[in-house]
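Enquirer: take this sequence and fold it.
(chains A and B)
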Amino acid sequence: GESVGLHLPTLSVQEGDNSIINCAYSNSASDYFIWYKQESGKGPQFIIDIRSNMDKRQGQRVTVLLNKTVKHLSLQIAATQPGDSAVYFCAETYSGNTPLVFGKGTRLSVIA
Amino acid sequence: DAGVTQSPTHLIKTRGQQVTLRCSPKSGHDTVSWYQQALGQGPQFIFQYYEEEERQRGNFPDRFSGHQFPNYSSELNVNALLLGDSALYLCASSLVLSPYEQYFGPGTRLTVT
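Expert: Residues are numbered from 1 along each chain as shown, chains lettered A, B, ... in the order given. As a prediction, the model looks like this:
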């Protein structure tokens, strides 16, 4: 079946800079997307979600952008902090109650 | 408010053996999903339980089975273990009316030798 993928496996940023993590999805029927953060030794933690009827959603220091034309999703983290160091996954689903499909993940390393 | 708990934390088994992993959902949640996460990969959906029945299943062989108890806790059983079953097994709980607001446990690291 189709699955979510990521452009960059690793990303290193300076503390205080903004981070952008990208994700490409292949299932054009997907209409709900979630970003997760997974720290070492822990399970994935929900960060932010977006539905396909939106192209942007903001949270606390995070913004998710959705471009349905090119099937691209991004997570922007403002003023990146050391605590943001983790692996980030995007996940997609179709709201007909299908299981979440996760991408492979991007490791974000914050340089102090 | 207790989050999702899983036991054991780590487990080492030999090929051909059977294993049972356990999960207690977040308080108030009624749905449990299980995922397999290989090293360096994203989680892959195994199955989901609600009202003690399997509601959905991913692309996993019948060696993977599960159970949900009346108190909503769940077990994942894997028979005839293969080396390729070595992975982090994640449990996620949610409410049936909010299936994608999933809260993950810390996982059980299974190593098959």
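Enquirer: and the nearest residue to B:His29 once chain neighbours are set aside, what element?
Expert: The spatial neighbour of B:His29 that comes closest, neighbours along the chain excluded (C-beta to C-beta, 6 or more residues apart in numbering or on different chains), is B:Ser93 at 3.9 Å. Every residue, glycine included, has its C-beta placed from N, CA and C. Using DSSP states H and E, B:Ser93 maps to strand B:87-95.
Enquirer: spatially central, which residue of chain B would that be?
Expert: Centroid-nearest residue in chain B: B:Trp34, 3.2 Å away (criterion: C-alpha atoms, centre = their mean).
Enquirer: I'd assumed B:Gln68 was in contact with that one.
Expert: No - here B:Trp34 does not reach B:Gln68: they are 10.4 Å apart, not a contact under C-beta atoms under 8 Å.
Enquirer: show me what contacts A:Leu65?
Expert: In this structure, A:Leu65 makes contact with A:Asp55, A:Lys56, A:Leu73, A:Ser74, A:Gln76, judged by C-beta atoms under 8 Å, 6 or more residues apart in numbering or on different chains.
Enquirer: how about the residues of chain B by chain A?
Expert: When proximity is defined as C-beta under 8 Å from any C-beta of the partner chain, chain B approaches chain A at B:4, B:33, B:40-45, B:48, B:56, B:58-59, B:90, B:92, B:99-107.
Enquirer: restricted to buried residues, select those residues in PyMOL.
Expert: Buried subset of the residues of chain B next to chain A, written as a PyMOL selection, criterion 16 or more other C-beta atoms under 10 Å in any protein chain shown:
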select buried, chain B and resi 4+33+42+43+44+45+48+58+90+92+99+100+102+103+104+105+106+107
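Enquirer: about what we covered before: redo the contacts of A:Leu65 as TSV? Include pLDDT.
Expert: Putting these into TSV (pLDDT from 0 to 100) gives the following:
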residue	pLDDT
A:Asp55	97
A:Lys56	98
A:Leu73	96
A:Ser74	97
A:Gln76	98
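Enquirer: what's around residue 53, how many residues?
Expert: Using chain A. With neighbours defined by other C-beta atoms under 10 Å in any protein chain shown, the count for A:Asn53 comes to 8.
Enquirer: that was the other one, I meant chain B.
Expert: Neighbour number of B:Glu53 under other C-beta under 10 Å is 9.
Enquirer: could you find the closest non-adjacent residue to it?
Expert: Leaving aside its chain neighbours, B:Glu53 sits nearest to B:Gln68 (7.4 Å; criterion: C-beta to C-beta, 6+ apart).
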